[in-house]
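S.K.: Fold the following, please.
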Amino acid sequence: MSKIKQDKIPIDIQEYNWKLVREGDGLTKISVAAGWMEFDENGRGKKMHKHPAVGYSLIMFMSPFNQFFTWQTTSVTEILYAEEDGSVRFRTKNSVYTLTRINNESNTEL
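M.R.: Numbers count the residues shown, from 1 in each chain. Next comes the predicted model:
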């Protein structure tokens, strides 16, 4: 039995705009776009926002043009700091995260 031929596709980090790092285990996610989801009383997505707030969840997208996300945090319980470029350190019910803008030349936000 032979192995399946796999083509490796190089990923250029310059194509991405956001990097999320979870404190504790160092889990790292990168994305093209990021936004903050507000939920209604039934737990359904109500509205996307450009800036974080307590109760919102961070959602990271590979493209700003579709609804498919690559990572979502639990609800924000505390914002530890927020920068003008969109970088933010925040606490959720489960973890502490730092979201950093890694491509300042692009303005990809939802």
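S.K.: Show the average pLDDT along the one helix or strand Ile59 maps to.
M.R.: Following DSSP states H and E, the helix or strand that holds Ile59 is strand 57-61. Across strand 57-61, pLDDT averages out at 92.
S.K.: One more: stretch 16-25?
M.R.: For stretch 16-25, mean pLDDT is 92.
S.K.: what does stretch 68-87 give?
M.R.: Averaging pLDDT along stretch 68-87 yields 90.
S.K.: For the strand holding Ile59, name the packing helices and strands.
M.R.: strand 18-22, strand 28-31, strand 33-39, strand 69-72 (3 or more CB pairs under 8 Å, 6 or more residues apart in numbering; DSSP states H and E). Where C-beta positions appear, they are placed from N, C-alpha and C, glycine not excepted.
S.K.: so which of the ones you listed comes closest to His49?
M.R.: Set against His49 and scored by CB to CB, these come closest in strand 33-39, at 4.4 Å.
S.K.: Now do that closest one against strand 57-61, angle only.
M.R.: Comparing the axes of strand 33-39 and strand 57-61 via axes from the mean of the first three to the mean of the last three CA atoms, to 10 degrees yields an angle of 140 degrees.
S.K.: Next secondary structure after strand 33-39?
M.R.: Along the chain past strand 33-39, the next helix or strand (assigned with DSSP H and E) turns out to be strand 45-49.
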